[in-house]
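Enquirer: coords please:
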Amino acid sequence: MKKYTKSLFSLSVSLLFAFSLITQALILDLHSQTNPTASVMMAGDPFNASYYNESNSSHPIQPVELKEDQMNDLGQIEIYGFSVREELRPTAFFREDIQNIHYDHDVETVNPKFDSTTRVASAVHASGNTDSRNSSVEILLNETVKWTYTENTTSFVVGFAPYVQPATFFAMYLNGTKLDSTNYSVEEQFLDGIYYNWFYYNFTTLFNAYSSAEFLIKYQYTVEIPISNWKVINQPILPDENEESSEYQNPFQYITGIKNNVTMPYVYNVTFGREGWLFNVTAKFLITLPDPDDIFAAELKSYSNQVIDELPYTLENNSIKLNIWTFLDQRETLSTEFKANFTVEILESIDGEQFWCEDRLVDGTRNRERDYKLTVSEGPADLMVAMFGINDTSIYFDDLNEDRNDRIESALNREVVIIDMNRSEGQPSGTIISGNQTLEYVDGISMLISGESYLTPYALFKGEVDIITVKYRATRNLNLIITDNTKTPVAGIKVDIYFASQPFGSKISLYDSLPYPVKTSDNEGRIVIYGVPIGDYTIEILDNSGQHLQNLTASSLIDENLIITNIPHFPLVIIIFGVISAVFIVTGLIIYKKNQ
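Expert: Okay, here's the model as predicted:
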């Protein structure tokens, strides 16, 4: 019995010792792959790459240009009334046989008579590829002349030249019947510095039928009424004079999210008539503002020297009807203001929060480019969104390309500017006091606009897609030191690096990223990634098989990211399990003694 008990005790001690060694081995293996937690970092759920993976199945949106010239639409102008203020001179009537042929052109019977606007003034018919532009309203007029002749008439050609020139022939009617081209002719003559168009009619057939009679000829023709200095410009958002900090306000709007509601103010100016025009005529104008269904807050600000409150006009459905005769031999200028709402969107945001969609290494280890993809998804179709910008605090102005002409570009070749955020408000770096308000200035860049370039601002139209590319140097490194719970560096920890929710590498994109391979901490627990953009990074801890264990965060703005994990200190592990083994052995000896 004693021999059996002794053998049983020996076997128990052996098993306990073996169990102790196996347990220590397992713990030591776990030591190289256990879950670290950072002292200033937060542990998170397993990295969610579904957004990245789902996006890989599609293709990136390409640039779209809808308007080659970055100019707002002008709306349209038409004329609804026209009047000549003086009688025609005798030289406007032609007949060779002045003894037997006579004419009657009574202005009191409304000569000329206004028929209609045949072509409105619009941007399509405007000249010039920059504001302001010139155009014209084409109107249709008609005048009636009563011709009489005697039986002694020897020459049968009569002619008429309208007062407003050049006049373009439209039609001719004899006693109400339209004539065909075999009965009339049109000739151009140069007189007193003006080209006059003459309309001739040969009444030989009529004379043969009636040797002495009279006939009416209605001359129908078109003339162009000049429109000049016509422009619709985006208005800077001026400071509020009642605010104490107004001197520091910027005349631009900055987008603050992936989808932004932007209100754009506009100034509309147009000049009617022409200084020194030879024709004493007047007209009544109807002005339809651009995109009338999609603008609001239209207000007539001025018209020549008229007092607006006393000016007879109506403003309905964003159309201004001037119930006043405008003299066209002098310049009369009208000014209006209105507003429009737009939606400006950032497309393909890298993580649903950042303004950029791709960041890539282009040369060496530090020269990178970053793309920002913009569109206007809602708003008027023919008015441009301008005077807005993007602030990015993850690129510092000093890190931009040294070549000032090679720092930023637009895929649509639009006017783009990049400036230091610390000067974007027109003030030096630092903190200043304005009244009771403290203004803080931060590092970063402002894109698309600047206080000096708003006369030729960056602009987008609804439906266009542009890609803005910024070129910079990634001057910082991401330094990690992985430690155990006593701040002792841990070797052999494998990690993947993510930036803005995407695998970090030579190209960061929703579609075709080129990530760096898995990194492993060295004997000092260090992992260093050179040439990284400014920002926070996700550090994914992996086990030996590459499976996720834990997420951490680190920053490229910290010289050394000390990550204190919950890995037990290695000597402590030996002591703990040595004590456990000793307890098993002592317990076995006690049992053995009792059995004896």
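Enquirer: pLDDT wise, what is the residue nearest in space to the middle of the chain at?
Expert: What sits nearest the mean C-alpha location of the chain, by CA atoms, centre = their mean, is residue 460, with 3.7 Å. In the prediction, the pLDDT value recorded for residue 460 is 94.
Enquirer: For the stretch 251-400 of the chain, just list every one of the strands.
Expert: 253-254, 259-272, 281-288, 295-303, 313-316, 319-322, 326-327, 332-346, 358-363, 367-378, 385-386, 388-392 (DSSP state E, counting those that start in this stretch).
Enquirer: Pick the most deeply packed of the ones you listed.
Expert: Ranked by mean neighbour count under mean count of other CB atoms under 10 Å, those are led by strand 385-386, which reaches a mean of 25. C-beta coordinates here come from the backbone N, C-alpha and C atoms, glycine included.
Enquirer: mean confidence for that strand?
Expert: What strand 385-386 shows for mean pLDDT is 90.
Enquirer: so what does that strand touch, helix or strand wise?
Expert: In this structure, strand 385-386 makes packing contacts with strand 259-272, strand 459-460, judged by 3 or more CB pairs under 8 Å, 6 or more residues apart in numbering; DSSP states H and E.
Enquirer: could I get these as JSON lines with distance to residue 590?
Expert: JSON lines is the format used below for the helices and strands packed on strand 385-386 (distance: least, CB to CB, whole Å):
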{"stretch": "strand 259-272", "distance to residue 590": "75"}
{"stretch": "strand 459-460", "distance to residue 590": "86"}
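Enquirer: Can you get me a residue count around residue 63?
Expert: By the other CB atoms under 10 Å criterion, the neighbourhood of residue 63 contains 15 residues.
Enquirer: Contact partners for it?
Expert: Residues touching residue 63, when contacts are defined by CB atoms under 8 Å, 6 or more residues apart in numbering, comprise 411, 412, 465, 466, 467.
Enquirer: cool, and residue 99?
Expert: The contact partners of residue 99, taken as CB under 8 Å, 6+ apart, are residue 152.
Enquirer: Which helix or strand contains it?
Expert: When elements are defined using DSSP states H and E, residue 99 is found to belong to no helix and no strand.
Enquirer: Kindly state the pLDDT recorded for it?
Expert: On the pLDDT scale, residue 99 is placed at 94.
Enquirer: May I have the phi/psi pair for it?
Expert: As for residue 99, its main-chain torsions (degrees, to the nearest 10) stand at phi -80, psi -30.
Enquirer: any idea how far it lies from residue 154?
Expert: According to CB to CB, to the nearest Å, residue 99 and residue 154 sit 9 Å apart.
Enquirer: Poorly predicted segments of the stretch 101-250 of the chain, please.
Expert: Within the stretch 101-250 of the chain, the set of residues satisfying pLDDT under 70 comprises 107, 237-250.
Enquirer: Mind checking the strands of the stretch 251-400 of the chain for the one nearest to residue 225?
Expert: In this view, these are compared for proximity to residue 225 by CB to CB, and strand 281-288 is the closest at 6.0 Å.
Enquirer: Just checking: what are the partner strands of the closest one?
Expert: Strand 281-288 has its sheet partners listed here by DSSP bridges as strand 76-84 (antiparallel), strand 319-322 (antiparallel), strand 326-327 (antiparallel).
Enquirer: what's next to the last one, contact-wise?
Expert: To tie it back to what came earlier, the one meant is strand 326-327. Contacts of strand 326-327 with the rest of the structure, by CB under 8 Å, 6+ apart, involve 272, 273, 280, 281, 282, 283, 284, 285, 332.
Enquirer: and which of the contacts of residue 63 is nearest to residue 137?
Expert: Closest approach to residue 137 among the contacts of residue 63 (CB to CB): residue 412, at 33.1 Å.
Enquirer: Tell me if the closest one really is in a strand.
Expert: No - going by DSSP: H, G, I helix; E, B strand; the rest coil, the assignment for residue 412 is coil, not a strand.
Enquirer: Next up, phi/psi of it, please.
Expert: Its backbone dihedrals place residue 412 at phi -100, psi 10, with angles given as degrees, to the nearest 10.
Enquirer: go on, residue 404?
Expert: According to degrees, to the nearest 10, the main-chain angles of residue 404 amount to phi -60, psi -20.
Enquirer: Dump stretch 63-83 to CSV, keeping only the CA atoms.
Expert: Extracted C-alpha coordinates of stretch 63-83, given in CSV (Å, rounded to 0.1, in the frame of the first residue of the first chain):
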residue,chain,number,x,y,z
PRO,A,63,-13.9,65.6,-63.6
VAL,A,64,-16.9,67.1,-65.4
GLU,A,65,-16.8,70.5,-67.0
LEU,A,66,-20.1,72.0,-68.3
LYS,A,67,-19.1,75.6,-68.9
GLU,A,68,-15.8,76.6,-70.4
ASP,A,69,-16.1,80.3,-69.5
GLN,A,70,-16.5,81.0,-65.8
MET,A,71,-19.2,83.7,-66.2
ASN,A,72,-22.7,83.9,-64.7
ASP,A,73,-25.7,83.8,-67.0
LEU,A,74,-27.2,87.3,-67.7
GLY,A,75,-30.9,86.4,-67.8
GLN,A,76,-32.6,88.2,-70.6
ILE,A,77,-33.8,91.7,-71.6
GLU,A,78,-36.7,92.5,-74.0
ILE,A,79,-38.4,95.6,-75.1
TYR,A,80,-42.2,96.1,-74.8
GLY,A,81,-42.4,99.6,-76.1
PHE,A,82,-40.6,101.8,-78.6
SER,A,83,-40.9,105.4,-79.8
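Enquirer: what comes up buried for it?
Expert: Along stretch 63-83, these residues count as buried under the neighbour rule (16 or more other CB atoms under 10 Å): 67, 70-79, 81-82.
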